[in-house]
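Undergrad: Here you go, sequence then predicted model.
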Amino acid sequence: MSLPVLFGANVDPVWADPGQALRVTRHVERAGLDLVTVQDHPYQAAFYDAWTLISYLAGATRSVAFVPTVANLPLRPPAVLAKSAASLDVLTGGRVQLGLGAGAFWDAIEAMGGPRREAKEAVAALDEALDVVRLMWSGKRSVRFSGAHYSLAGIHPGPAPSADLGIWLGAYGPRMLTLTGRKADGWMPSYGFLGLDRLADAVARIDAGARDAGRDPAALRKVYNLNGLISPVESDEPFQGTVRQWVDRLVSLARDYGMNGFVYWPDADHLRQLTLFALEVVPAARAALAADKG
């Protein structure tokens with residue numbers, strides 16, 4: 001199974017200019033990109049709540065999909081998070097995916113009332129959360145789960161989401177990568193945290209986890225968050241050069257690493273950069289990918 005390559009843009013959830021997020025999102029949708037990602041840092045004073053903002057943006061758009069990058073599990077109980085995602089999936093006609101992370105910035109999480117977890121504990125909690133979310137999406141009359149971190153005691157789940165609603169993990173460490181392959185529907189690493197020098201090993205670990213679980217690695221959505229700048233001047237730095245350099249890099253990432261989604265986070269000049277990405281990089285990359293596949 002081979003998934004189509006998706007292209008998207010990050011929209012910052014800042015509220016200093018209340019209309020900025022909607023303006024950028026509408027711009028992205030008109031330009032024909034597939035998805036919008038929104039950071040989830042509830043403790044960040046400068047940010048809107050991510051799920052509230054995504055719901056607002058989804059109601060003001062028609063075609064673009066939305067993904068939190070990534071929902072902060074320690075501050076969002078998985079059963080409630082599952083219901084939120086399923087509800088938005090139904091309300092938008094399938095224009096949402098559940099990006100989910102084990103947590104980071106533990107001082108801030110703890111300051112907001114969340115638990116502080118060590119690395120091994122955070123992975124174990126995420127593992128349990130995946131089971132809880134799946135049960136809440138199961139359509140069964142009643143579900144139960146008993147874990148060290150989460151439990152369900154005969155809850156009646158609903159609404160049942162579409163079959164396309166998946167869980168995309170923000171994963172970097174070995175245990176998290178293996179868990180992604182075993183249980184998740186997708187993966188959302190960021191170039192700033194996982195450079196090209198580490199990408200092949202991370203993909204291999206995910207693919208091995210999938211195969212060990214009897215799953216097809218090619219069926220997993222693998223979305224690379226890319227920060228950089230599109231420039232008229234060539235550069236030796238990844239994601240800092242010309243349209244042609246960007247296209248060549250994206251084709252290589254798809255062909256050589258199996259990445260099948262790219263989300264642009266411009267370093268500056270956001271609207272202009274997103275326009276260049278959507279109207280120049282993406283069409284050329286789609287054509288090159290089609291030719292490469294042929």
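TA: Alright, I've got the coordinates. It should be emphasised that the depicted structure is a prediction, and the values quoted were computed from it without experimental measurement.

Undergrad: C-alpha only now, for contacts and for neighbours.
TA: Will do.

Undergrad: what sits against residue 271?
TA: Contacts of residue 271 were listed using C-alpha atoms under 8 Å, 6 or more residues apart in numbering, and they are 24, 27.

Undergrad: Let's see the pLDDT reported for it.
TA: Note on residue 271: pLDDT of 93.

Undergrad: which residues touch stretch 58-74?
TA: Outside stretch 58-74, the residues that reach it (C-alpha under 8 Å, 6+ apart) are 22, 26, 29, 33-42, 50-51, 54, 92, 94-103, 109, 114-115, 126, 169-170, 188.

Undergrad: Let me fix that, I meant to ask about stretch 228-235.
TA: 238-243, 245-246, 264-268, 273, 276-277.

Undergrad: before we move on, what about stretch 242-250?
TA: 230-235, 238-240, 280-282, 284-285, 288.

Undergrad: all strands in the protein, in order from the N-terminus.
TA: 6-10, 35-39, 65-69, 71-72, 98-101, 143-146, 151-155, 167-169, 186-187, 221-228, 261-266 (DSSP state E).

Undergrad: Can you check what angle separates the second one from strand 6-10?
TA: Orientation of strand 35-39 against strand 6-10 (axes from the mean of the first three to the mean of the last three C-alpha atoms, to 10 degrees) gives an angle of 40 degrees.

Undergrad: okay, now the residue lying closest to residue 90 once chain neighbours are set aside: neighbour count?
TA: Using C-alpha to C-alpha, 6 or more residues apart in numbering and skipping residues adjacent in sequence, the residue nearest residue 90 is residue 161, 6.0 Å away. Residue 161 has 23 neighbouring residues, counting by other C-alpha atoms under 10 Å.

Undergrad: Contact partners for residue 161?
TA: Applying C-alpha under 8 Å, 6+ apart, one finds that residue 161 lies in contact with 86, 87, 89, 90, 137.

Undergrad: Next up, the contacts around the first one.
TA: Looking back up the chat, that one is residue 86. 137, 158, 159, 160, 161, 162, 165.

Undergrad: Can you tell me which of these are buried?
TA: 137, 158, 159, 160, 161, 165 (16 or more other C-alpha atoms under 10 Å).

Undergrad: farthest-separated two in those?
TA: Spatial extent of these (C-alpha to C-alpha) is set by the pair 158 and 165 at 13.8 Å.

Undergrad: Contacts only, for residue 263.
TA: 7, 8, 9, 10, 36, 37, 223, 224, 225, 226.

Undergrad: Buried subset of those, written for ChimeraX?
TA: The ChimeraX command for the buried members of the contacts of residue 263 (criterion: 16+ other C-alpha under 10 Å) is given here:
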select :7,8,9,10,36,37,223,224,225,226
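
Undergrad: out of the contacts of residue 263, which one sits closest to residue 214?
TA: Proximity of these to residue 214 (C-alpha to C-alpha) peaks at residue 223, which lies at 21.7 Å.
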